[in-house]
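# sequence and predicted structure, then a few things I'm wondering about:
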Amino acid sequence: MDKSNGYEKVAKTFSEVRGQIVDGIGASSVSMWAQTLPKGTVILDLGCGTGIPITKVLIDEGMSVYGVDASPTLAQAFRKNFPHCPIACEQVEDSLFFNRSFDAIIAWGLLFLLPKDNQAMVIRKMAEVLRIGGKLLFTAPSSISEWTDILTGQQSRSLGTKKYKEILSAVGLSLIEEFEDDGENHYYHAVKVR
């Protein structure tokens, strides 16, 4: 069973299309977010892929990054790109998140790949390892929608802003802002308040 939501099968193509573009879509938005965090912030990058561009941006901004990705091929590329960053090759639903807490968590292009119930469960898991005052940044469309991912052919789904707000609030996170980047990715920026 492929626990990578189809990404192991297309890992080579994904690496060529997205995993080598240092200033790819999302890089500038993640950089702006990272600039609101203190240098040395310990960040968990869920669905990190090769680490390019997201992990690279975070490291360039002075952050310490841990990665989780279910694709063995993409996790191996991450290790090669960032040998000093810990990486766990496991499905986020099953991950122990290194048995530690984090100052911030990013899940860029990940949550909407998961089944609806799993999205809520992963948000809860992220909240559990996020320190009070810690920040969470994730992407998912603002409207309730389902579509077939172009690269993997797998079903993707967004729960929509209202549902994401409900889930965040239920696990002690408060939505600070929503915004979109130049690639029309919708971001949810939240802080752990309890």
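All right, it came through fine.

# max-length strand in the protein?
With residue count as the measure and DSSP state E as the assignment, the chain has strand 130-139 as its longest strand.

# list the contacts of the closest residue to residue 97 other than its chain neighbours.
Closest residue to residue 97 apart from its sequence neighbours, by C-beta to C-beta, 6 or more residues apart in numbering: residue 129 at 4.8 Å. Bear in mind the C-beta positions are built from the backbone N, C-alpha and C, glycine included. When contacts are counted by C-beta atoms under 8 Å, 6 or more residues apart in numbering, residue 129 touches 44, 97, 100, 101, 102, 105.

# now, among these, which is nearest to residue 29?
The shortest separation between residue 29 and any of those is 15.6 Å, and it belongs to residue 105 (by C-beta to C-beta).

# check which helix or strand covers that closest one.
Taking DSSP states H and E as the criterion, the element that holds residue 105 is strand 102-107.

# where exactly do the strands run in the protein?
Under the criterion DSSP E, the chain carries strands at the ranges 42-46, 64-68, 87-88, 102-107, 130-139, 145-148, 155-158, 173-180, 186-192.

# let me have these in TSV, extended by mean pLDDT and distance to residue 80.
What follows is the strands of the chain, written out as TSV (pLDDT from 0 to 100; distance: least, C-beta to C-beta, whole Å):
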stretch	mean pLDDT	distance to residue 80
strand 42-46	98	16
strand 64-68	98	12
strand 87-88	98	10
strand 102-107	98	21
strand 130-139	98	25
strand 145-148	96	31
strand 155-158	96	28
strand 173-180	97	32
strand 186-192	98	28
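
# out of those strands, which gets nearest to residue 32?
Checking the strands of the chain against residue 32 by C-beta to C-beta gives strand 173-180 as the closest, at 9.2 Å.

# other SSEs contacting the closest one?
Of the remaining helices and strands, those touching strand 173-180 by 3 or more C-beta pairs under 8 Å, 6 or more residues apart in numbering; DSSP states H and E are strand 130-139, helix 161-170, strand 186-192.

# now those as a markdown table including mean neighbour count and distance to residue 40?
Compiled in a markdown table, the helices and strands packed on strand 173-180 are given as follows (neighbours: other C-beta atoms under 10 Å; distance: least, C-beta to C-beta, whole Å):
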| stretch | mean neighbour count | distance to residue 40 |
| --- | --- | --- |
| strand 130-139 | 20 | 14 |
| helix 161-170 | 16 | 26 |
| strand 186-192 | 20 | 18 |
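
# just put those in JSON lines and tack on distance to residue 155.
Listed next are those as JSON lines, based on distance: least, C-beta to C-beta, whole Å:
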{"stretch": "strand 130-139", "distance to residue 155": "17"}
{"stretch": "helix 161-170", "distance to residue 155": "17"}
{"stretch": "strand 186-192", "distance to residue 155": "18"}
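
# what residues sit buried inside the worst-scoring helix or strand of the chain on mean pLDDT?
Averaged element by element with mean pLDDT, DSSP states H and E, the chain has its least confident helix or strand at helix 11-17 (a mean of 77). Using 16 or more other C-beta atoms under 10 Å as the burial criterion, the residues of helix 11-17 that qualify are 11, 14, 15.
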